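Engineer: I would like the atomic coordinates for the input below:
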Amino acid sequence: MAQVPYQPIPTVGPSQQGIAGPRVDAPLAAFGGATGAAMSTLGKTIEGAGNELFTRAIAIQQLNNETEAREADAQYMIKAGELHANYNALQGKDRVDAFPKYSQDLQSLRTNIRNGLSNPMAQKLYDASSLSTMGRSIFNGAGAAAAANKEWTINTTKAQLDIDAKTIEDDPSEGNFQAKLGRIQNSARSLAAQQGLGVNSPQEQDLVMKATSKAWSQRIIGLSRTAPFEAAKMLDDNKTQFTSDDYLKVDQTVRAQGRAVGAARIADAAYSPNKTLAEMEGEVKAAAEKQSPDDPLLAQHAITNLRTRYNQDHYASRQEALSARDDAFDMIRKFKPQNLQQFLAIPGADGLYQRMNDTQKNALPGQISRYVGSVDRYDNEKEFTRLHGMATSDDPDARAEFLNTDVTQSKLSQPQIDRLQTIQNRMKTNTEGDPRVNRAVTWLRGAMGAQLEALGVYKRTESNKEDYDHFIGALQSGLDVWNEQHKSPPTYKDVVETIGPQILRQRTEPGFFSIYGYGMSSQKPFFTQTVPEEFAARARAVAGNPNLPDEQIYKLWTRMQYRQLYSKPPSKTEDRAPQ
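Structural biologist: Numbers count the residues shown, from 1 in each chain. Next up, the predicted model:
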């Protein structure tokens, strides 16, 4: 059961604590406590405001420093960008050589801008960003310099390859070729290394093969200019040295060159003024087949050469004979010889006589006799007035008919014949005054005005006068030859459908042939074609005048072209070259 604790001895005794003294309970406010507290709070408030103002001032300065640093950094990036653009505009070795200065310019620019900042803190902030910009710019510049250096090295090697190949073309001799071939192959290997291709790699072998092919190509091209047949044999003997593309191009060049030279040689060997054209063509065909049995084009080219020479000599001789005949008649009119012997006694007459063909020589005594006989003939005013009226008529058809009239066949006195022939010569000399030409030009302007405008010869101006005069001269030659061949002046249809288109037609004047591509060719109208040097030389030789004017040669050339267009092939009894 439960028990209650019991303590029989008393536990309470007297306390040892003293009695508290007297105490006055007075409020602090009664002794100025509130005022002191208020002053204490005011001090703390003032202290807090000062701290806030200081903090705000520091923040404003920090913002100013950052703004100044950003503006300076932006200025640096703009200037650095200009330096970088100018540097990248350089190429090859120029860019490589400019890199040290480019780096120094970036550093100097950054330092100069930094020194212009107002305080060290702004400079410190500027350093943080500008150093990064400068580092990137220098790093990019170094990469550009390396790329330019590689490009420069590669291009230098390629240039050396081209130079060596060109020297082979200029001097295809064995010694020069072997020396340059070794350099070309070494340059090809260097090029492979510069492009990061492995030694003896397929890429390196391909470069060496192409360089070797180019060297052989240039050698054979160079040799073909002086020895085309030897070049062709060398090409056949060294087929394995060429790439397929190079071989085809060189083969075309060599065959064409050999064909041109061979055709000229064959034609020259067969040509003789004592043979008919048919006889000479037979000899040419046989010689061409013997020389190159596998090249059927050689015979065609040789025959073309033969016909060209035949036509040139034949026409030049005929024109020279006509010129001699006209000069002889002028001499007859001036000196009035009574017979052939007196004519030949005139200074210079014997030379004119020798330039005539046999027909003209046989006709000359009769011409002298008829002209002498006209001395005693009375003036035929009726016939003279009719012919003179035709010459001065406003009708171009009448003037054209006058130009086509042989006044010596009319019953006129000698003075009347002289006067009318003088008028004819003057009208023919003045191309633009030739009524036949004026009429033909009018027809062409109406029917082919757009083509004349496109070629710049619709009207004569200060800027086109040379081409226009060539056009008019060619037109006059065409009209003369047409009248000569057809025994009648050309009609409107003849002018606008045949003569005009032939004068205006475009012809190709070929340019040079490049081993790695075909050269440019120029398209020119017929009336501005260049007279071949060979024709000019032969014209001067036939005329016996090394100073024969270019315009006269040009007129001979255009007349020959028209004769080839308008005339029929010579018959077997007419195709002998002139003596």
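
Engineer: from here on, contacts and neighbour counts on C-alpha atoms
Structural biologist: Fine.

Engineer: what values do phi and psi take at residue 276?
Structural biologist: phi -80, psi 160 (degrees, to the nearest 10).

Engineer: same thing with residue 199?
Structural biologist: Dihedral angles for residue 199 - degrees, to the nearest 10 - are phi -70, psi 130.

Engineer: helix or strand right after the strand or helix carrying residue 134?
Structural biologist: Under the criterion of DSSP states H and E, residue 134 resides in helix 120-170. Using DSSP H and E, the helix or strand that follows helix 120-170 in sequence is helix 174-194.

Engineer: can you point out the buried residues in that following helix?
Structural biologist: Using 16 or more other Cα atoms under 10 Å as the test for burial, helix 174-194 gives 177, 180, 181, 184, 185, 186, 187, 188, 189, 190, 191, 192.

Engineer: give the helix, strand or coil label for residue 412.
Structural biologist: Following DSSP: H, G, I helix; E, B strand; the rest coil, we place residue 412 in the coil state.

Engineer: from residue 330, how far out is it?
Structural biologist: 17 Å (Cα to Cα, to the nearest Å).

Engineer: the more surrounded of the two?
Structural biologist: Ranked by neighbour count (other Cα atoms under 10 Å), residue 412 and residue 330 place residue 412 first, with 22 against 15.

Engineer: surely that one touches residue 383?
Structural biologist: Yes. Contact criterion Cα atoms under 8 Å: residue 412 and residue 383 qualify, at 7.3 Å.

Engineer: after the strand or helix carrying residue 85 comes which helix or strand?
Structural biologist: Per DSSP H and E: residue 85 is located in helix 33-89. As assigned by DSSP H and E, the chain's next helix or strand after helix 33-89 is helix 92-115.

Engineer: just checking, what packs against that next one?
Structural biologist: helix 33-89, helix 120-170 (3 or more Cα pairs under 8 Å, 6 or more residues apart in numbering; DSSP states H and E).

Engineer: just to revisit the earlier point, so can I have JSON lines of the buried residues of helix 174-194 showing pLDDT?
Structural biologist: Putting the buried residues of helix 174-194 into JSON lines (pLDDT from 0 to 100) gives the following:
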{"residue": "177", "pLDDT": "82"}
{"residue": "180", "pLDDT": "81"}
{"residue": "181", "pLDDT": "81"}
{"residue": "184", "pLDDT": "82"}
{"residue": "185", "pLDDT": "80"}
{"residue": "186", "pLDDT": "82"}
{"residue": "187", "pLDDT": "81"}
{"residue": "188", "pLDDT": "81"}
{"residue": "189", "pLDDT": "84"}
{"residue": "190", "pLDDT": "79"}
{"residue": "191", "pLDDT": "78"}
{"residue": "192", "pLDDT": "80"}
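
Engineer: list just the nearest of those to residue 420.
Structural biologist: Closest approach to residue 420 among the buried residues of helix 174-194 (Cα to Cα): residue 177, at 71.4 Å.

Engineer: so what's that closest one up against?
Structural biologist: 168, 171, 215, 219 (Cα atoms under 8 Å, 6 or more residues apart in numbering).

Engineer: let's see it at 6 Å
Structural biologist: Residue 177 sits next to residue 168 when contact means Cα atoms under 6 Å, 6 or more residues apart in numbering.

Engineer: can you tell me how far it is from residue 291?
Structural biologist: 29 Å.

Engineer: over to residue 199?
Structural biologist: Distance from residue 199 to residue 291, by Cα to Cα: 48 Å.

Engineer: likewise residue 383?
Structural biologist: Counting by Cα to Cα, the gap from residue 383 to residue 291 is 65 Å.

Engineer: please apply the same query to residue 260.
Structural biologist: Residue 260 is 13 Å from residue 291, by Cα to Cα.

Engineer: those two - which one has more neighbours?
Structural biologist: residue 260 (16 against 13).

Engineer: can you pull out the helices in the stretch 201-350 of the chain?
Structural biologist: 202-224, 228-237, 244-270, 277-291, 296-335, 340-344, 349-355 (DSSP state H, counting those that start in this stretch).

Engineer: okay if I get those as a markdown table plus distance to residue 156?
Structural biologist: Formatted as a markdown table, these follow (distance: least, Cα to Cα, whole Å):
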| stretch | distance to residue 156 |
| --- | --- |
| helix 202-224 | 15 |
| helix 228-237 | 30 |
| helix 244-270 | 23 |
| helix 277-291 | 45 |
| helix 296-335 | 43 |
| helix 340-344 | 74 |
| helix 349-355 | 63 |
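
Engineer: return the member of the ones you listed having the minimum mean pLDDT.
Structural biologist: The weakest mean pLDDT among the helices of the stretch 201-350 of the chain belongs to helix 296-335, with a mean of 73.

Engineer: for that one, which helices and strands make contact with it?
Structural biologist: helix 244-270 (3 or more Cα pairs under 6 Å, 6 or more residues apart in numbering; DSSP states H and E).
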